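Asks: any chance you can model this:
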Amino acid sequence: LDGGDHAPAVELFVQRARSIGSDVDPGDPAVAEVCRRLDGLPLAIELAAARTATLTASELAERLDRQLDLLSSRRRQRGRHRSLQAVLEWSWNLLDDGPRALLVQLGIFSGGWSLVAAEQVCLGGSSTAADLEALVASSLVEPIADEGGIRFRMLEPVRQFAVTQLEDDPRHDELRARHLNWWLARVRARSTGEQWLSGDWAADISRDIDNWRSVVDWALDVGRVAEAEELVAGSTAFAFDMNDLVIDVAIDRLLELPNEPGGRIYLIGALNDIGLGQHRRLAERVSRARSLAVADGDLACEAVAAVFEGFSTANIDADAAQTPVEIALDAVAHLDEPEIVGLVKGWAAITAFIAGDLELALDRFEEARAVPLGPRSLASFHCRYGEAFVRLGLGQVDESAALLRSATEVLHQSSETTLACDLHQAFWSAQRGDLDDLQRQAELAVEIVNSGGAPSFVPDVALAVAEMLERSHRPEAAADLVTALHRHPLTH
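Replies: Numbering: from 1, shown residues only. Here you go, the predicted structure:
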């Protein structure tokens with residue numbers, strides 16, 4: 001940085017220093033020297049400026065010189081990387097023992113963590129919250145707010161530094177095991193119905209999916225297969241709601257092992273396949289899931305597998321589909337799990353709809369919606385969503401649209417099911433002549449696609465909605481929808 005090129009870096013340094021109450025003069029040559037020595041790297045400048053609470057700019061420049069010289073004597077690194085590494089090491093060494101140890105241990109997390117997770121997984125005990133606060137004050141950790149509350153993260157250079165330190169820490173495996181146990185405790189705290197169908201549980205996993213994947217991979221890598229299987233099986237709600245490729249990879253790893261996993265692993269793979277559009281292996285997986293469930297006496301798994309076995313064959317052989325569906329309905333009559341009962345009855349109705357029996361489908365949907373389900377239950381969503389199609393088939397367009405709105409309200413997170421609802425709602429709004437609602441639902445769909453929601457269904461409805469927008473003289477909205485869908489990898 002020469003001449004006036006350092007002005008933005010100086011401005012950032014002064015802004016960060018003043019935010020913590022330090023009186024820094026932007027005209028001080030030492031400030032410009034610090035920024036020059038750090039090659040204008042924003043993260044390095046923020047970390048250095050956080051130290052102005054105890055050091056002057058001149059003292060900072062002097063200490064940075066010593067740290068850079070020390071780093072140069074140990075490693076051959078190029079300028080900008082060397083500057084960042086130097087300030088990371090320097091910032092870490094200036095921390096008190098508690099925050100310094102915690103920063104390394106936080107390298108166990110991928111994609112962020114909550115305070116509760118840090119307290120349960122890391123080894124700081126009662127001082128964890130105070131140590132985490134110190135790391136935030138030092139700009140090494142950043143708090144972020146989301147629907148689940150306050151979470152924390154490290155920018156990737158800081159996280160990589162922590163991971164490097166953690167690899168040499170003798171407590172590395174202990175921390176990995178504590179991370180796995182924390183996830184297992186979360187699974188075990190949920191009832192079977194919640195594990196399978198809670199929208200809140202699906203949202204929790206979605207926020208933490210990088211950590212979920214890391215924990216499952218580690219458990220399989222070190223041979224803790226039973227715990228990996230338990231964690232995957234307990235995450236059915238996420239697979240059902242999000243249809244994620246991360247789940248798909250975990251299922252494949254479990255199925256490749258010499259010892260065959262339980263029926264729920266095949267079943268969760270099948271549920272994920274529905275959303276991912278992998279219909280060819282769906283029938284095979286639900287059939288195997290049902291066989292294993294019968295052998296293990298797992299009535300819930302048997303019932304769900306049976307109803308999806310009927311669903312997978314309904315459009316090929318409607319008569320053959322009825323037998324497994326009847327077995328499923330008989331099984332849930334002996335279950336005290338409302339979520340599972342609602343799920344099975346709802347998909348029994350969907351199977352009847354696919355087979356062309358709209359009256360039977362409607363009767364079954366009404367039975368399913370009579371089951372007491374939680375407000376964020378995925379079974380509740382599927383019942384409303386499926387019944388909307390039946391009502392439309394019976395010519396009840398207004399009732400169908402109302403059910404779609406109700407289904408969308410069940411899910412507040414951006415998931416592929418919400419996207420499907422928005423597009424179908426747009427379709428029916430157009431049929432009813434409500435062009436403003438048509439555009440509003442299409443805009444919501446674009447928002448969801450752009451935020452990463454995966455449209456796993458065939459995009460015929462989306463294209464039909466785009467055509468309706470075009471005919472309604474709203475070409476920009478039509479273009480936005482088509483562009484967003486074409487940009488998404490799962491629509492190619």
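Asks: only C-alpha atoms for contact and neighbour calcs from this point on.
Replies: Will do.
Asks: packing partners of the helix or strand containing C35?
Replies: Assessed by DSSP states H and E, C35 sits inside helix 29-37. Helix 29-37 sits against helix 7-19, helix 57-74, with contacts defined as 3 or more C-alpha pairs under 8 Å, 6 or more residues apart in numbering; DSSP states H and E.
Asks: mean pLDDT lowest for which of these?
Replies: Across the helices and strands packed on helix 29-37, helix 57-74 has the smallest mean pLDDT, namely a mean of 63.
Asks: if we can go back for a sec, ok, then the element right after the helix holding C35?
Replies: In N-to-C order, the element after helix 29-37 by DSSP H and E is helix 42-49.
Asks: now that following helix: buried residues?
Replies: If you call a residue buried by 16 or more other C-alpha atoms under 10 Å, then helix 42-49 has these buried ones: 42-49.
Asks: and the angle from it to helix 7-19?
Replies: Relative orientation of helix 42-49 versus helix 7-19 (axes from the mean of the first three to the mean of the last three C-alpha atoms, to 10 degrees): 40 degrees.
Asks: what does helix 42-49 rub up against?
Replies: 9, 12-14, 16-17, 35, 38, 60, 83-84, 87-88, 91, 138-140 (C-alpha atoms under 8 Å, 6 or more residues apart in numbering).
Asks: what about the most centrally placed residue in the chain, which helix or strand?
Replies: In the chain, the residue lying closest to the centroid (C-alpha atoms, centre = their mean) is S206, at 2.2 Å. Counting by DSSP H and E, the element that carries S206 is helix 199-207.
Asks: same question for L88.
Replies: Assessed by DSSP H and E, L88 sits inside helix 79-94.
Asks: buried stuff in the helix or strand following that helix?
Replies: The first helix or strand that comes after helix 79-94 along the chain, using DSSP H and E, is helix 97-105. Buried residues in helix 97-105, counted by 16+ other C-alpha under 10 Å: 98-105.
Asks: cool, and stretch 315-329?
Replies: For stretch 315-329, by 16+ other C-alpha under 10 Å, it's 315, 318, 321-322, 324-325, 327-329.
Asks: give me the neighbour count for the residue lying closest to L220 once chain neighbours are set aside.
Replies: Nearest non-adjacent residue to L220, counting by C-alpha to C-alpha, 6 or more residues apart in numbering: A228, 6.4 Å away. As a burial measure, A228 scores 22 neighbours (other C-alpha atoms under 10 Å).
Asks: A145 should be in a strand, yeah?
Replies: Yes: secondary structure of A145 (DSSP: H, G, I helix; E, B strand; the rest coil): part of a strand.
Asks: which helices and strands does the strand or helix carrying R281 pack with?
Replies: Element membership for R281 (DSSP H and E) is helix 279-296. On a contact count with 3+ C-alpha pairs under 8 Å, 6+ apart, helix 279-296 meets helix 263-276, helix 299-313.
Asks: the helix or strand harbouring L403: which residues count as buried?
Replies: Assessed by DSSP H and E, L403 sits inside helix 397-410. Neighbour-count burial for helix 397-410 flags 397, 400-401, 403-408, 410 (criterion: 16+ other C-alpha under 10 Å).
Asks: helices and strands of the chain: which one bottoms out on pLDDT?
Replies: helix 416-431 (a mean of 57; mean pLDDT, DSSP states H and E).
Asks: so which elements touch whichever helix or strand comes after the helix holding S206?
Replies: Using DSSP H and E, the helix or strand that follows helix 199-207 in sequence is helix 209-221. If contacts are counted by 3+ C-alpha pairs under 8 Å, 6+ apart, helix 209-221 sits against helix 172-188, helix 225-233, helix 245-255.
Asks: just to check, R290 is in contact with A300?
Replies: No: R290 is beyond contact range of A300, at 10.0 Å (criterion: C-alpha atoms under 8 Å).
Asks: how far away is L94 from L88?
Replies: Going from L94 to L88 by C-alpha to C-alpha, to the nearest Å gives 10 Å.
Asks: now stretch 327-347 - C-alpha only, CSV.
Replies: The C-alpha trace of stretch 327-347 is given here as CSV (Å, rounded to 0.1, in the frame of the first residue of the first chain):
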residue,chain,number,x,y,z
ILE,A,327,-50.9,-53.4,5.8
ALA,A,328,-49.6,-49.9,6.7
LEU,A,329,-53.0,-48.7,7.9
ASP,A,330,-53.5,-51.8,10.0
ALA,A,331,-50.1,-51.3,11.6
VAL,A,332,-50.7,-47.7,12.7
ALA,A,333,-53.9,-48.8,14.4
HIS,A,334,-51.6,-50.2,17.0
LEU,A,335,-49.3,-47.2,17.3
ASP,A,336,-49.4,-44.4,19.9
GLU,A,337,-47.3,-42.0,17.7
PRO,A,338,-49.7,-39.4,16.2
GLU,A,339,-47.0,-38.1,13.8
ILE,A,340,-46.4,-41.6,12.3
VAL,A,341,-50.2,-42.3,12.2
GLY,A,342,-50.8,-39.0,10.4
LEU,A,343,-48.0,-39.6,8.0
VAL,A,344,-49.2,-43.1,7.0
LYS,A,345,-52.8,-42.0,6.6
GLY,A,346,-51.8,-39.0,4.6
TRP,A,347,-49.7,-41.0,2.2
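Asks: got the end-to-end distance for stretch 35-51?
Replies: End-to-end distance for stretch 35-51, by C-alpha to C-alpha: 14 Å.
Asks: swap that for stretch 17-25, sorry
Replies: Stretch 17-25: ends 10 Å apart by C-alpha to C-alpha.
Asks: again, but for stretch 47-64
Replies: The stretch stretch 47-64 measures 12 Å between its terminal residues, going by C-alpha to C-alpha.
Asks: quick one: distance of the helix or strand where V344 lies to the chain centre.
Replies: When elements are assigned from DSSP H and E, V344 belongs to helix 338-354. Computed by C-alpha atoms, centre = their mean, to the nearest Å, the chain-centroid distance of helix 338-354 equals 26 Å.
Asks: now the next helix or strand after that helix and helix 338-354, what's the angle there?
Replies: Following helix 338-354 in sequence order, the next helix or strand is helix 358-369 (DSSP H and E). Angle, helix 358-369 to helix 338-354, by the same axes, to 10 degrees: 170 degrees.
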